[in-house]
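Engineer: sequence first, predicted coordinates after that:
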Amino acid sequence: MNIIKNRYLYFGISLLVIIPGLIALAMWGLPTGIDFTGGSLLEVKLVNPNNMPTLKEISDIYGQFATAENPIADPLVQPIGIDGFSIRSKQMDETTKIAIVEAVKKQYAADVVVLNFTSISPSIGQEVAVRAAGAVALAALGILLYITYAFRGIQHSFRYGTAAIIAMLHDVLVVLGVEAILGHFLGWQADSLFLTALLTVIGFSVHDTIVVFDRIRENSGIYRKLNYETLVNHSIVQSLDRSINTQLTVMITLFSLVLFGGDSIRHFVIILLVGVFSGTYSSIFNAAPILVVWENKEWRNWFGRGNSKSTEASAPL
Amino acid sequence: MNRRQYWMLALIIVLIVLAAFVVFNKQFTINNPFTGVVVFARNTETRLGLDLRGGLQTLLEVPEEYAVSANDLATTRDILEQRSNALGVSEVQMQTAGQRRIVAEFPGISNPEEVIASLQQTGLLEFVDMGGTRLEPGTIIETDFGKQTQAPTLGINDQLDPAALPVLHTVLTGVALDSISVGQNSTTGEYVINFVLKSDTAKLFSDYTRDNTKKILGIVLDKRVISAPQIQNQIPDGKGLISGNFTRDSANTFAVQLRYGSLPVPVVVVESRAIGPTLGAESVRKSLIAGFIGLTAVMVFMALYYRVPGLVADVALVCYTLFSLALFNLIPVVLTLPGIAGFILSIGMAVDANILIFERMKEELRAGRTLSHAIDLGWSRAWPSIRDSNISTLITCAILFWFGNAFGASMVKGFAVTLSLGVLVSLFTAIVVSRTFLHVVLDNLKLSEHPRWFGI
C-alpha cells in the first residue's frame, strides 16, 4: 500500500471538504448562540393551557415587555415538542422574565414550567470566544514545544510538531466548516458545548498524529538506509490497523451517544464524530505526508512548470 | 509470572475492591483497626453538575469602573456565600474566577428569581459627606467610592446643591464596621442599629466628627439614602447608631445585611443559567444509557477482534471505568455534560493504549517470539507512543483548565478535569492492569496450540 505516493490526492480530498466549509463561513458566517453573542434563552413548557399560543403570539408578548434596558422585541421563537417553546432574544433581566412567564400563565390559563433560562451579557460572550481562541493558540504552542522535545532524537524534530499543528488546524477548519454548513441548513448555533467539542477534537487530533509519528521515530532508528518517503509510508501502513481500530472504538461510543443520548447533546456529538474522523484522516493522510513534502522541499516545484500540482499548493491547510 | 507480577495482581485486586466500595457506597470511612478511631472519612456520592441536576448558575462581575483587589474579591465571595446560606439555599458553590468574577452555583433551587435579586443587592453601606444639606431618606445619590483607585479618604464637601445631585464623597464604607447590633432607644422606643467601628478607623472617625460637627453625615445603602443625621458632637470611641424609622423586622434585616452583607465592591450578574430539574434528569438518564451501550459495543468489538487479549482489555476497561468513577467521587469532581464528554473521550484513549499494545504484541508473535516475551516487548514498543500522545493531551487539558478557571467557563473546566483524570487513570491501567492481566492469563498458554485465540 502506498499512501505517500498519492499524497496530493489526499490533500485534494481535504480541500474538497475544507473549501466549501470556508465558503459557507464566508457567506453565512458561523451562526453563534447566546453563549458568544450574549442574549437570553428561555425554554418553557405549558401545562394544560386553554389553547396553545402560536409562535407569533409568544413573539408579541415579548414585544409588550420590550424596553430600552430589555430590548427583547422580535425574539426567535421555536417550538419544542408539542407543548414547549424555545425563545431566543436580546438579553433581559430576571424581572422581565418573571413578567413574561406570568403573562403567558394568565393569557393561556396554563401552568408554565421554566425548563431553562439563560441570560448572558454580550461582553462576556465575546470575551469567552476571543479568550478561547487564545487558549487554543497557547495549547498549540505547548504541543509544538513538547513534540519538538520528544522527537529531539531524530532529525528535524521541529517539523513533526509543526506538521501535527497543521493537521490539527485542518481538523479545526473541517469542524468549523461543517458547523457553518449545518448551522445554515439545520439552524444549529455554535454554543459553549460546540466549543467543548472543538477542544476535544483538538486533543484527539494531536493524540492520533503522535501515534503515527512515533512509528516514524522508531523506524528511523531501525531502517537507517531507507529513503525517507518509503520510511514514512512504511510507518503509516504499520500503524494503520491501530489507527482504524481506535477510530472504530471511538466512533462506536459516539454513535451510541447520537442514537441513544438526549437531544441536548446530539449537536455536540455529531460535531465530535466529524472531528474525530477528520482527526484520524489528517494524521494518516496529511500530517505524515507533510513531513515528506517538507523533506523533499516540494514547494519548489509547485509554481515551477505550471503543472497540475500548482492548484494544490495550499493543500496542507 | 514472576514475583513482581504477583505483587501487581494483589495491588490491582485491592484497588478494585476499594474502588468498587467507593463507587457503590455513599460514605467512605477508614477506621484504625486497633483503636476504631476514624482516620479517613469522606462523602462519596456522585456529584452532578447543574446542567444535569437542575439549578442556577450565575457569573457575577465587578463593574469595570471599580478597582478590585484579589482580597476584595475573596471577601465578596465569602459574603455572598454567607448571604445565600442565610437564604436557606444549601450546597452553594462560590468560586472566584480571574480578577473580577465570581461563579455562583445553586443546585436544585426552585426560586432563581429571589436568589438573583438578593445577590445583586450589593449591601454597600456608605457614610457620605452631605456637607450642610440634608437629603431625604429614599433619595438615590451618586458617590465617589470605588470610582477612584484610592481608598476613601476623609474630606469635606462644603456647599451642596441638592438639585444638581453631584457626586458625593464617601467617608467610610461598611468594611470599617467591626460589630453591629439592633437596639432600642430607651426613651422613644424606636429601633436603631448600633455599630462599632474597627479601632484603626475609629480614630479617623473621631477626628472627622470633631472637624465636621453640625454637618450632615448621610448613611447610604446601595446608593439610596437611609438616614441623614447631623453630627451632634465628636464621636471619640468609634461607636454610633443609625436610626431611620426602623420597625423591629426591618432593623433586623438591615443588621443581617450589614453584618455579612456589605460587599467591598458591587457586583452585577453578567450571566445566569437556570436549568429545570426535569431537563437535567432526562439528560443524565439518556447519557448513562448511551454510555453503557457504547461501552458494551466497544467491549464486544475488542473481544471479537483481539480474542483473548481483547477480553483482557475488556477487564482492564471495566477497571478503568471503576477507578475513574471512584476518583470522581473521592476528589470530588462535579460531573457536567462536557465532563461526561471528556470522560468518554478518555475511554477512547484508554482503549487506544490497549490497541497499541496488542498490535505490537501481534507483530512480535508473528516474528516468532514466545508469548511472555511478546507481551513485554509489545508493551515496551507501544509505550513511547502512549506516553507522548497522552502527555500532549494533558498539556491541552492544563491550558483548558486554566482558561476555564480564569474566565468562569466552568463547562470547559469540567471537561478538562475529567479528561485529564481519565488520561492519568488510563496510563495507569495501560502500564499496570493490562500488562499484569495479560501475564496472568497468557503465560501458561502455548501460542502454537491456540493461534486463533490471538487473532493471528
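Structural biologist: Noted; the coordinates are in hand. Numbers count the residues shown, from 1 in each chain, chains lettered A, B, ... in the order given.
Engineer: what about the longest helix in chain B?
Structural biologist: Under DSSP state H, the helix in chain B containing the largest number of residues is helix B:277-330.
Engineer: please see if that one touches chain A.
Structural biologist: Yes - shown here: helix B:277-330 in contact with chain A (Cβ under 8 Å from any Cβ of the partner chain) through B:278-279, B:282-283, B:286-287, B:289-291, B:293-295, B:297-298, B:301-302, B:305. The C-beta positions use only the backbone N, C-alpha and C, and glycine is treated the same way.
Engineer: what secondary structure does the spatially most central residue of chain B sit in?
Structural biologist: The residue lying closest to the centre of chain B (Cα atoms, centre = their mean) is B:Gln95, at 5.2 Å. Classification of B:Gln95 by DSSP: H, G, I helix; E, B strand; the rest coil places it in strand.
Engineer: wait, it sits on B:Thr76?
Structural biologist: No - if you go by Cβ atoms under 8 Å, B:Gln95 and B:Thr76 don't touch, sitting 11.9 Å apart.
Engineer: list residues touching both of these two?
Structural biologist: B:Ile102 (Cβ atoms under 8 Å, 6 or more residues apart in numbering or on different chains).
Engineer: from B:Arg285, how far off is B:Ser420?
Structural biologist: Look at B:Ser420 and B:Arg285: by Cβ to Cβ, to the nearest Å, they are 27 Å apart.
Engineer: more neighbours: which of the two?
Structural biologist: Higher neighbour count among B:Ser420 and B:Arg285: B:Ser420, with 22 against 12, using other Cβ atoms under 10 Å in any protein chain shown.
Engineer: element containing residue 225?
Structural biologist: All of this is about chain A. Assigned by DSSP states H and E, A:Lys225 belongs to no helix or strand.
Engineer: not quite, I wanted chain B
Structural biologist: When elements are assigned from DSSP H and E, B:Val225 belongs to strand B:224-227.
Engineer: assumed A:Asp74 was part of a strand.
Structural biologist: No - applying three-state DSSP, one finds A:Asp74 to be coil, outside a strand.
Engineer: re earlier: quick check: chain neighbours aside, which residue is closest to the residue nearest to the centre of chain B?
Structural biologist: B:Val103 (5.0 Å; Cβ to Cβ, 6 or more residues apart in numbering or on different chains).
Engineer: list the strands paired with the helix or strand containing the one you found, with their directions.
Structural biologist: In this assignment (DSSP H and E), B:Val103 forms part of strand B:101-107. Each strand paired with strand B:101-107, and its direction, by DSSP bridges: strand B:55-61 (antiparallel), strand B:93-97 (antiparallel).
Engineer: for the strand holding B:Val225, what is the distance to the chain centroid?
Structural biologist: 36 Å (Cα atoms, centre = their mean, to the nearest Å).
Engineer: who's in contact with the helix or strand that it is followed by?
Structural biologist: Next in sequence after strand B:224-227, counting helices and strands by DSSP H and E, comes strand B:239-246. With contacts defined as Cβ under 8 Å, 6+ apart, strand B:239-246 is touched by B:137, B:183, B:185, B:190-197, B:219, B:226-227, B:229, B:254.
Engineer: give the buried residues for strand B:239-246.
Structural biologist: Residues B:240, B:242-244, B:246 are the ones in strand B:239-246 that count as buried (16 or more other Cβ atoms under 10 Å in any protein chain shown).
Engineer: and the residue lying closest to B:Val412 once chain neighbours are set aside, helix, strand or coil?
Structural biologist: What sits nearest to B:Val412 in space, not counting adjacent residues and going by Cβ to Cβ, 6+ apart, is B:Gly404, at 3.7 Å. Of the three states, B:Gly404 takes helix according to three-state DSSP.
Engineer: neighbours of B:Gly404, how many?
Structural biologist: Neighbours of B:Gly404 using other Cβ under 10 Å come to 26.
Engineer: ditto for B:Thr46
Structural biologist: B:Thr46 sits with 15 neighbouring residues when counted by other Cβ under 10 Å.
Engineer: surely it meets B:Asn329?
Structural biologist: Yes - counting by Cβ under 8 Å, B:Thr46 does reach B:Asn329; the two are 5.7 Å apart.
Engineer: residue numbers of the stretch 151-300 of chain B in contact with chain A?
Structural biologist: Residues of the stretch 151-300 of chain B lying near chain A (Cβ under 8 Å from any Cβ): B:269-276, B:278-279, B:282-283, B:286-287, B:289-291, B:293-295, B:297-298.
Engineer: part of a strand, is B:Glu91?
Structural biologist: No - the assignment for B:Glu91, made by three-state DSSP, is coil rather than a strand.
Engineer: now the strands paired with strand B:101-107 as a markdown table including distance to A:Ile216 and mean pLDDT?
Structural biologist: Listed next are the strands paired with strand B:101-107 as a markdown table, based on distance: least, Cβ to Cβ, whole Å; pLDDT from 0 to 100:
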| stretch | distance to A:Ile216 | mean pLDDT |
| --- | --- | --- |
| strand B:55-61 | 46 | 85 |
| strand B:93-97 | 42 | 82 |
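Engineer: dump those strands into CSV; add distance to A:Val211 as well.
Structural biologist: Below are the strands paired with strand B:101-107 laid out as CSV (distance: least, Cβ to Cβ, whole Å):
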stretch, distance to A:Val211
strand B:55-61, 37
strand B:93-97, 35
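Engineer: what number of residues lie near A:Asn48?
Structural biologist: Other residues near A:Asn48 come to 9 when the count uses other Cβ under 10 Å.
Engineer: so B:Leu135 sits against B:Gly218, correct?
Structural biologist: Yes - with contacts counted by Cβ under 8 Å, B:Leu135 reaches B:Gly218, the gap being 6.2 Å.
Engineer: which one of these two has more residues nearby?
Structural biologist: Neighbours around B:Leu135 and B:Gly218, counted as other Cβ under 10 Å, are more numerous at B:Gly218. The numbers are 25 against 20.
Engineer: what pLDDT does residue 45 get?
Structural biologist: The chain I'm using is chain A. On the pLDDT scale, A:Lys45 is placed at 87.
Engineer: if you could check chain B rather than the one you did, that'd help
Structural biologist: With respect to pLDDT, B:Glu45 scores 79.
Engineer: now the phi/psi pair for the nearest residue to it once chain neighbours are set aside, please.
Structural biologist: The shortest distance from B:Glu45 to any residue other than its chain neighbours is 4.9 Å, reached at B:Lys26 (Cβ to Cβ, 6+ apart). Dihedral pair for B:Lys26: phi -90, psi -10, per degrees, to the nearest 10.
Engineer: name all residues that make contact with B:Lys26.
Structural biologist: B:43-45.
Engineer: A:Lys56 versus that one, what's the distance?
Structural biologist: 50 Å.
Engineer: now do B:Glu64
Structural biologist: Distance of B:Glu64 to A:Lys56, computed by Cβ to Cβ: 39 Å.
Engineer: and if you look at B:Glu363?
Structural biologist: 66 Å.
Engineer: more neighbours: those two, which one.
Structural biologist: Using other Cβ under 10 Å as the criterion, B:Glu363 and A:Lys56 rank with B:Glu363 on top: 16 against 8.
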